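**Q** A structural model of the following input is requested.
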Amino acid sequence: MKPKISVLALSLAIITLLAGCDRQETRPVKFINPDKVMQDSGLAEQLKTRLQTVDQQLRQGLKMAQENGARLPEEKRRSALLADRQLLDLEWQHEQRRANGVALKAIAEAAGKYREQHQLLAILPAQAALAFAPEADISEALAKELKGKTLDFGALPKIGVKSEEPTAAEASTQK
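**A** Predicted coordinates:
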C-alpha cells in the first residue's frame, strides 16, 4: 500500500505545481530597431564624425608613408607601401569595429536601464522577431533617452613613420 500512497502523493504534487504555472505573472518582452535608435538619438552622427576623423588621420599616415617611401629604391618602395597600406587598412577595420561597439554598448546600457525600470523580461532587436505588435516597439523611447548622450570613443590612433635607422637613444639601448 505504501507505493500507491507515494505515487499518489507525487502525482498530486506534480498536478499542484503544474496548475500553478498558469498563475505566474508574465513580464512582457519589448523590441527595438537598433538602426532607428542610432539615427534618432544622434549616435549615428557621432559615429560618422568619429570615423571621418579616423579616416583623415589614416590618410595622413598614408601620405607620410608615401613621402618616406619616395626615398627608398623602387623595389623596396612598392613592398613598403603595400605593407603600410595593409597596416592602415587593418587599423581602419579595428577602429570601425571599436567605434560601432561603443555605440552599441550605449544602446545596450540604455536598454538595460529601461528593462529594469519597466520590469520587462527582455528587450530584443526587432530583427529577431518574425512579428510583434507595434506597441512592443520601444525604439523611440530609447532614442529619446540617448538623445543627449555623448559617446567616448577614446583616443585617436597614433600614426607615425618608423625609420629604418635607429636614433641615437635607440642605438644606445640596443647595445
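
**Q** where does this protein dip in pLDDT?
**A** 1-25, 161-175 (pLDDT under 70).

**Q** Kindly provide the distance from Gln127 to Lys63.
**A** As judged by C-beta to C-beta, to the nearest Å, Gln127 and Lys63 stand 40 Å apart. Placement of C-beta: from N, CA and C, glycine included.

**Q** what do you get for Asp137?
**A** 46 Å.

**Q** Please name the nearest non-neighbouring residue to Met38.
**A** Spatial nearest neighbour of Met38, chain neighbours left out: Ala44 (4.2 Å); criterion: C-beta to C-beta, 6 or more residues apart in numbering.

**Q** Check which helix or strand the spatially most central residue of the chain maps to.
**A** Centroid-nearest residue in the chain, with C-alpha atoms, centre = their mean: Gly101, separated by 2.1 Å. Using DSSP states H and E, the element containing Gly101 is helix 74-117.

**Q** which other helices and strands contact that helix?
**A** If contacts are counted by 3 or more C-beta pairs under 8 Å, 6 or more residues apart in numbering; DSSP states H and E, helix 74-117 sits against strand 29-32, helix 34-41, helix 43-69, strand 122-125, helix 139-146.

**Q** chain center to it, what's the gap?
**A** Mean-position distance between helix 74-117 and its chain equals 10 Å (C-alpha atoms, centre = their mean, to the nearest Å).

**Q** between it and helix 43-69, how big is the angle?
**A** Taking axes from the mean of the first three to the mean of the last three C-alpha atoms, to 10 degrees, one finds that helix 74-117 is oriented at 160 degrees with respect to helix 43-69.

**Q** tell me the angle helix 74-117 makes with helix 139-146.
**A** On the basis of the same axes, to 10 degrees, helix 74-117 is oriented at 100 degrees to helix 139-146.

**Q** More neighbours: Asp137 and Lys63, which one.
**A** Between Asp137 and Lys63, counting by other C-beta atoms under 10 Å, Asp137 is the more crowded of the two (17 against 11).
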